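# Sharing a model that was predicted from the sequence below.
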2 protein chains.
Amino acid sequence: MSGVFYGVGLGPGAPDLMTLRAAKLISEARVIAYPSLEGGDSFARSIAAEHIRDGIQEIRLDIPMTVAREPAQAAYDKGAAEISAVLETGQDVVCLCEGDPFFYGSFMYLFARVSKRFETVVVPGVTSVTACAAVSASPLAARNERVTILPGPLPEEELRHRIEGAESVAVMKVGRHLPKIRAVIDELGLLAQATYVERASLPDQVVCPLAEAPDSAPYFSMILLTKGADPWL
Amino acid sequence: MSGVFYGVGLGPGAPDLMTLRAAKLISEARVIAYPSLEGGDSFARSIAAEHIRDGIQEIRLDIPMTVAREPAQAAYDKGAAEISAVLETGQDVVCLCEGDPFFYGSFMYLFARVSKRFETVVVPGVTSVTACAAVSASPLAARNERVTILPGPLPEEELRHRIEGAESVAVMKVGRHLPKIRAVIDELGLLAQATYVERASLPDQVVCPLAEAPDSAPYFSMILLTKGADPWL
């Protein structure tokens, strides 16, 4: 019997925004895996830290942040091979995933490599989208409203096309793309209803109108376009 | 000092998919509030049941399911008045919300009525979108992919317009609209990549290809259109 590969969502960053199921799986794990920026700390591991038992096996995936894809592919290949080797012995592996494993997470690259050979179970987590909505008091959608989720690195023309005529919009991975995204939103006359959120739920969280946001944003930042709290009913 | 109004997301239905923060707030609450279908049980209360202490005050909002809006508005007005009366005494009120409070939840109607007068704190929860993705092994989005969330009751033409050219799509609140949505997806040639999920994470959960789904679906059902698990990297 092979082990089970768990992809466990940890939520947006505050440790108590992980689910009861995630906390239990992590605290019982004998082998965990997690991504980290090459040479840096692992945000995922820091969220889960209080539940990780001492002395267990840790598979750390150092993911290079390069424009070329091959180095990252090689890192995921290597990580998947290490994880598979553990699963073959019958031991489970719990993979720590920021946010939700299937929502813009690097877990998907492991899932694509491991799930065909081994039983894989995904535990959903709170995404940064609803976390940002919560901390900025921005209701996302009610009744028959639509929600559009866009990555900030999309080209300017595509962002304009997708935001125009949309209802609630969340722009993920804002980072250095902030000036471009803000210009698009301003041209569409929507700046007044746009909120900027950085590191939602963490102690150094920032929430402000997009008009007042700094030009240089970290990777973990988001822009929300919502109508605010109408008394819909 | 007035009390604090908490809107607490409970996740999609499995009790252990609520967050640690939600479980703590509920277990410490002296007053809770929750919606229920008129004359029926409260799904929200059933998710939270094991954390609710005996003998606390419970404010139950019986929401009539009518086409006319006025009866529901009157029910939210009445509930908001009861909640406000408790908050005025300095006592906190914990409102139980299926999924996430700001994501198609009835909490928003209370938020619109209560948050101007009283401090209101929202605790995000796991949404049905990522829960359905998890149970159906359907990765939602990676890299620069877009996600579109659509309510099933939208008119057929609008659904067609929004699904055509989209990437990952989640159609919420499928219910009796299933035949209409399936016809649109079939016409667009996307039936093979569409998954139907009913009551995700609950014991009576159903996951199947949309082509095999029954014509009559419950309100808590969803259709996911995703590309599947490509080895993107």
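Looks like it arrived, so ask away.

# all strands for chain A, in order.
Assigned by DSSP state E, the strands in chain A fall at A:5-9, A:31-37, A:57-63, A:93-97, A:120-123, A:147-151, A:168-172, A:194-198, A:206-209, A:221-225.

# now the most centrally placed residue in chain A, which residues is it bridged with?
Nearest to the mean C-alpha position of chain A, by Cα atoms, centre = their mean, lies A:Gly99 at 4.2 Å. On the basis of DSSP bridges, A:Gly99 is bridged to A:Gly11.

# list the contacts for it?
Contact analysis of A:Gly99 by Cβ atoms under 8 Å, 6 or more residues apart in numbering or on different chains lists A:Gly9, A:Leu10, A:Gly11, A:Pro12, A:Gly105, A:Gly125, A:Val126, A:Thr127, A:Ser128. Where you see a C-beta, it was placed from the backbone N, CA and C, and this is true even at glycine.

# Quick check: of those, which lies closest to B:Gly152?
Using Cβ to Cβ, A:Thr127 comes nearest to B:Gly152 of these, at 21.1 Å.

# any idea how far A:Cys132 lies from B:Glu50?
From A:Cys132 over to B:Glu50 the distance is 29 Å, taken as Cβ to Cβ, to the nearest Å.

# Comparing the two, which residue is more hemmed in?
Under the criterion of other Cβ atoms under 10 Å in any protein chain shown, the comparison of A:Cys132 against B:Glu50 puts A:Cys132 first, with 29 against 11.

# Quick check: the more buried one touching A:Leu224?
Yes. Contact criterion Cβ atoms under 8 Å: A:Cys132 and A:Leu224 qualify, at 5.7 Å.

# between those two, what contacts are shared?
Residues within reach of A:Cys132 and of A:Leu224 at once, by Cβ under 8 Å, 6+ apart, are A:Ser138, A:Ala170, A:Thr195, A:Val197.

# Can you sort out which of those also neighbour chain B?
A:Ser138 (Cβ under 8 Å from any Cβ of the partner chain).

# who wins for neighbours among the shared contacts of A:Cys132 and A:Leu224?
Most surrounded of the shared contacts of A:Cys132 and A:Leu224: other Cβ under 10 Å gives A:Val197, at 30 neighbours.

# ok so, going back, columns distance to A:Ile185 and mean pLDDT on top of the strands of chain A, output as TSV?
Output for these, formatted as TSV (distance: least, Cβ to Cβ, whole Å; pLDDT from 0 to 100):
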stretch	distance to A:Ile185	mean pLDDT
strand A:5-9	29	98
strand A:31-37	29	94
strand A:57-63	31	95
strand A:93-97	30	98
strand A:120-123	33	98
strand A:147-151	11	97
strand A:168-172	9	97
strand A:194-198	5	97
strand A:206-209	11	98
strand A:221-225	7	97
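
# With respect to burial, which of those scores highest?
Greatest average neighbour count among the strands of chain A goes to strand A:93-97 (a mean of 29), per mean count of other Cβ atoms under 10 Å in any protein chain shown.

# Just give me how far that strand sits from the chain centre.
Centroid displacement of strand A:93-97 relative to its chain, using Cα atoms, centre = their mean, to the nearest Å, is 14 Å.

# Can you name every helix or strand that that strand contacts?
strand A:5-9, helix A:20-28, strand A:31-37, helix A:43-48, helix A:70-88, helix A:107-114 (3 or more Cβ pairs under 8 Å, 6 or more residues apart in numbering or on different chains; DSSP states H and E).

# Restrict that strand to CA atoms and write it as CSV.
Output of strand A:93-97 as CSV, limited to C-alpha atoms (Å, rounded to 0.1, in the frame of the first residue of the first chain):
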residue,chain,number,x,y,z
VAL,A,93,3.2,13.2,2.6
VAL,A,94,1.4,16.4,3.6
CYS,A,95,2.2,19.3,1.2
LEU,A,96,1.8,22.7,2.7
CYS,A,97,0.1,25.2,0.4
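
# Can you name the residues in contact with it?
A:3-10, A:25-26, A:29, A:31-34, A:42, A:44-45, A:47-48, A:59, A:83, A:86-87, A:101, A:105-107, A:110, A:125.

# who does that strand pair up with?
Here strand A:93-97 has these sheet partners by DSSP bridges: strand A:5-9 (parallel), strand A:31-37 (parallel).

# Just send these back as CSV, with distance to A:Arg162 too.
CSV is the format used below for these (distance: least, Cβ to Cβ, whole Å):
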stretch, distance to A:Arg162
strand A:5-9, 26
strand A:31-37, 28
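
# Return the distance of A:Cys97 relative to chain B.
Going from A:Cys97 to chain B by Cβ to the nearest Cβ, to the nearest Å gives 11 Å.

# Next up, the contacts around the closest residue to A:Val123 other than its chain neighbours.
Nearest residue to A:Val123, sequence neighbours excluded (Cβ to Cβ, 6 or more residues apart in numbering or on different chains): A:Val8, at 4.6 Å. The contact partners of A:Val8, by Cβ under 8 Å, 6+ apart, come to A:Arg21, A:Ala22, A:Leu25, A:Ile26, A:Val94, A:Cys95, A:Leu96, A:Cys97, A:Pro101, A:Val123, A:Gly125.

# the domain parsing of chain A - what is it?
Domain assignment for chain A, taken from automatic domain parsing, gives A:5-123, A:128-225.

# so A:Pro35 sits right up against A:Ser42, yeah?
Yes. The pair A:Pro35 / A:Ser42 is scored as a contact, 6.6 Å apart, by Cβ under 8 Å.

# how far away is A:Arg160 from A:His177?
From A:Arg160 over to A:His177 the distance is 13 Å, taken as Cβ to Cβ.

# Name the residue in those two with the higher neighbour count.
The residue with more neighbours, out of A:Arg160 and A:His177, is A:His177; 19 against 15, by other Cβ under 10 Å.

# Please identify the nearest residue in space to that one, excluding sequence neighbours.
The spatially closest residue to A:His177, leaving aside those adjacent along the chain, is A:Gly152, at 4.0 Å (Cβ to Cβ, 6+ apart).
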